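Trainee: kindly return the folded structure for what I paste below:
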Amino acid sequence: MGAYPDISLKDARRLRDEARASKAGGVDPAREKKALKLVAKLGAANSFEKIASEYIDKMADEGLSDATLTKARWFLDHLRGPIGNVPITDVTPHEIFVMLKAVERTGKRETANRVRSFASRVFVMQWQPAAPMLILPMFYAVRLPRRL
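Mentor: Numbers count the residues shown, from 1 in each chain. Take a look at the predicted model:
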């Protein structure tokens, strides 16, 4: 709950009552607090920059050319300032949009388009383990009869 100077007695009592109520509801407050800390820790460890660097390393392992890797690092440089240290799950489309508009205002529309594409590929790589579940509904699409 916190030490005395950081939290008032009134707030401490309120937090105690909330913890008792959640415990009575079957939720373990200590376990919940640990889970929140773990989520925060993993979120900080999975920044956009870290995932993008892993994506570039994967591209290198696949044998892509040095020019392609250099260009990917250049795209990452554009994204590093605004969203580099943000956990990838906390990056919003608005943050990317503002950054892309700034690049576009300098007259570099194609650069903005390619940076957007790179960011999109990083997000797809981050969700890659879930990709088969996202693709699955396509197999259940209704097939239309072929015309003769």
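Trainee: which secondary structure elements does the strand or helix carrying Ala119 sit against?
Mentor: In this structure, Ala119 is located in helix 109-126 according to DSSP states H and E. Contact analysis of helix 109-126 by 3 or more Cβ pairs under 8 Å, 6 or more residues apart in numbering; DSSP states H and E lists helix 48-61, helix 66-83, helix 93-105 as its packing neighbours. C-beta coordinates here come from the backbone N, C-alpha and C atoms, glycine included.
Trainee: got TSV for those helices, with mean pLDDT too?
Mentor: Below are the helices and strands packed on helix 109-126 laid out as TSV (pLDDT from 0 to 100):
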stretch	mean pLDDT
helix 48-61	91
helix 66-83	91
helix 93-105	88
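Trainee: quick one: the spatially closest residue to Phe118 that is not a sequence neighbour and Asp28, what's the gap?
Mentor: By the measure of Cβ to Cβ, 6 or more residues apart in numbering, the closest residue to Phe118 outside its immediate chain neighbours is Phe75, 3.9 Å from it. Separation of Phe75 from Asp28 (Cβ to Cβ, to the nearest Å): 44 Å.
Trainee: who has more neighbours, those two?
Mentor: When Phe75 and Asp28 are compared for neighbours, Phe75 comes out ahead with 21 against 12, by other Cβ atoms under 10 Å.
Trainee: quickly list the domain ranges of this structure.
Mentor: Under the assignment automatic domain parsing, the domains of the chain span 9-45, 48-128.
Trainee: give me whichever of the ones you listed is most buried.
Mentor: When those are scored by mean count of other Cβ atoms under 10 Å, the highest mean neighbour count falls to domain 48-128 (a mean of 15).
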